[in-house]
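Engineer: Let's see this in three dimensions:
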Amino acid sequence: MREARPEGCGRPRDVRAAPRRLPGSHLFPVHRPERRGGSKHRSGARRHQRQAGGPGSIQIASRQLLVLLVIFRCRLHSERAYYLVYDSIDASLYMIPYIPDDLEAIYTLTPVPVHTDDGGDHKLTLMARKFWPEPVDRDRLCVCTPATRANPASDSTGPWQIKVLRRFPELSEAFSADVMFSLDGKVFWADLSQGLAFSDLRNGGSVVDVDFIKLPDRVCGRTEPTTMSRTMGCVGGSIKFVCIDRRRARPGNEMVKVWTLDLGHRLWKEEKGLSCPWKEFLEQVGFMNAELRNVEPQYGSTPS
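Structural biologist: Purely as a prediction, here's the structure:
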């Protein structure tokens with residue numbers, strides 16, 4: 001029996017265990033023709049293959065899941081794309097097809113895992129958009145559940161549930177899914193220069209709304225790329241935003257600032273007790289080698 005656990009928590013598991021199964025019923029062929037157009041945030045599987053420089057890439061590598069996007073070349077220059085998923089909880093391995101041909105992923109090709117209520121299994125979610133001729137309501141949320149994996153539909157959707165995604169915000173800049181995570185049945189996509197988009201999968205139905213929360217006021221100065229100075233994630237059941245502020249700071253005096261999101265009130269609260277200069281943070285890190293204490297803080301991360 002799988003062990004139930006809260007999302008974002010739990011002890012590390014041995015991901016080296018041998019997989020117990022790779023069901024043949026979970027192998028679905030899907031044709032991925034090359035498509036023209038699309039922005040850097042709205043690319044198909046083949047465009048991603050060219051960017052990655054090969055026929056496959058790692059999408060998720062966490063304590064529980066390892067997810068790869070793999071692309072098989074077929075005759076006549078056609079392709080078949082799949083997500084290959086390893087779950088360390090029960091050492092299982094399965095493969096599902098990329099989303100249906102009338103959709104293309106937007107903002108990211110990385111599916112976001114959402115744990116089931118008992119914490120023993122997971123769903124995969126991916127934002128997508130329908131191709132023309134639909135003039136409006138083209139955004140979709142693709143959800144692959146344990147039930148749809150076990151009993152895929154006979155039509156082109158296969159193991160994916162396709163839901164209409166509404167009310168994605170109109171922003172001053174193109175949205176970029178820099179960080180993705182889930183908590184309590186909700187799936188989150190964070191643009192580290194603008195804010196946090198999320199949807200609640202527990203509402204059910206064929207339509208899912210998107211909520212958006214802007215980043216805290218007076219946030220740290222922007223650095224390119226934003227992932228160099230900012231990160232966001234779920235820590236101990238709370239959503240944290242961490243920023244390294246380098247404005248007017250000499251080396252060693254960069255401020256590490258932390259905010260916690262009050263999701264119910266859509267407000268960020270700065271954790272004054274956690275925010276401190278980088279050099280003070282290093283003084284509290286006993287295992288840091290003295291030769292490394294002059295390093296510049298970059299590319300922070302939050303533990304899952």
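Engineer: Where do the helices of the chain begin and end?
Structural biologist: Ranges of helices in the chain, per DSSP state H, are 45-52, 146-150, 278-283.
Engineer: Compare the mean pLDDT across these and name the weakest.
Structural biologist: Among the helices of the chain, helix 45-52 carries the lowest mean pLDDT, a mean of 48.
Engineer: didn't Leu263 look like it was pressed against Asp211?
Structural biologist: No: counting by C-beta atoms under 8 Å, Asp211 is not a contact partner of Leu263; they are 9.3 Å apart. (Glycine included, C-beta is placed from N, CA and C.)
Engineer: can you give me the strands in the stretch 51-200 of the chain?
Structural biologist: Taking DSSP state E, counting those that start in this stretch as the criterion, the stretch 51-200 of the chain contains strands spanning 56-61, 65-73, 79-87, 92-97, 103-105, 112-115, 122-130, 139-144, 160-166, 179-183, 186-191, 195-200.
Engineer: any chance of those strands in JSON lines, plus distance to Thr227, mean neighbour count and mean pLDDT?
Structural biologist: JSON lines is the format used below for those (distance: least, C-beta to C-beta, whole Å; neighbours: other C-beta atoms under 10 Å; pLDDT from 0 to 100):
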{"stretch": "strand 56-61", "distance to Thr227": "16", "mean neighbour count": "16", "mean pLDDT": "81"}
{"stretch": "strand 65-73", "distance to Thr227": "19", "mean neighbour count": "17", "mean pLDDT": "89"}
{"stretch": "strand 79-87", "distance to Thr227": "23", "mean neighbour count": "20", "mean pLDDT": "91"}
{"stretch": "strand 92-97", "distance to Thr227": "28", "mean neighbour count": "20", "mean pLDDT": "94"}
{"stretch": "strand 103-105", "distance to Thr227": "20", "mean neighbour count": "23", "mean pLDDT": "92"}
{"stretch": "strand 112-115", "distance to Thr227": "17", "mean neighbour count": "22", "mean pLDDT": "92"}
{"stretch": "strand 122-130", "distance to Thr227": "19", "mean neighbour count": "22", "mean pLDDT": "94"}
{"stretch": "strand 139-144", "distance to Thr227": "24", "mean neighbour count": "22", "mean pLDDT": "96"}
{"stretch": "strand 160-166", "distance to Thr227": "25", "mean neighbour count": "19", "mean pLDDT": "94"}
{"stretch": "strand 179-183", "distance to Thr227": "8", "mean neighbour count": "21", "mean pLDDT": "94"}
{"stretch": "strand 186-191", "distance to Thr227": "10", "mean neighbour count": "23", "mean pLDDT": "96"}
{"stretch": "strand 195-200", "distance to Thr227": "15", "mean neighbour count": "20", "mean pLDDT": "96"}
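Engineer: Sounds good, over and out.
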